[in-house]
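**Q** 3D model of this:
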Amino acid sequence: LGVFRGEEEAVEERFVKGGLPASGLVVGINPGSTGGRAKRWLPERFAEAADRLCRTIRESRGQQVSVVIVGGKEEEPLGREIAARLSSRSMGLSGATTIRELMAALKRCEVLLTNDSGPMHVANALQVPVVSIFGSTDWRKTAPFGNPDGLVRQPVDCAPRMLLECPIDHR
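**A** Have a look, this model is predicted:
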């Protein structure tokens, strides 16, 4: 699994046109997931985690860090909500990429913060460090293949289930 150099260059150009610095580091966020909202971490938590991560990277490496938000067309409002909460520079690509463009964007990321989702597996296959957030789904069955870089989960009474809506309001 890989991307072509031309695809990488096209994504880099798109980042620059979107206001991201050409030489800066990128943190990816994938806040959506198919199979219902029960699998989704809350937008304010994504924003807080991304800002903390950007700050930590900026302080340790002394480089600019931006956030790229990816997802499907139906997740555009979710991406906009998270972007509005970020203090870090960001760009939304939800609903605006082909699969190949998504792959090139993910490959450009230093790390991807994501729910249990398809892009989680794509980033993992591209050897991008992934921090996967699991709630109601069974992390033992759907975690990234191999040695996941980071798997975050809170054991809850309702897990593992494949519910569309969270019966306890994500408490």
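**Q** which stretches in this structure count as strands?
**A** Secondary structure of the chain (DSSP state E): strands located at 25-30, 65-69, 90-92, 111-115, 130-134, 150-153.
**Q** so which residues of this structure form helices?
**A** Remark: helices assigned in the chain by DSSP state H are 5-17, 43-61, 76-85, 99-107, 118-125, 139-142.
**Q** out of the ones you listed, the one nearest Leu25 is which?
**A** helix 43-61 (6.1 Å; Cβ to Cβ). (C-beta placed from N, C-alpha, C; glycine too.)
**Q** and the closest one, what does it pack against?
**A** In terms of contacts (3 or more Cβ pairs under 8 Å, 6 or more residues apart in numbering; DSSP states H and E), helix 43-61 is packed against strand 25-30, strand 65-69, helix 76-85, strand 111-115.
**Q** picking up where we left off before, now render the strands of the chain as TSV, adding mean pLDDT and distance to Lys17.
**A** TSV is the format used below for these (pLDDT from 0 to 100; distance: least, Cβ to Cβ, whole Å):
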stretch	mean pLDDT	distance to Lys17
strand 25-30	96	15
strand 65-69	97	13
strand 90-92	96	9
strand 111-115	93	22
strand 130-134	85	27
strand 150-153	61	31
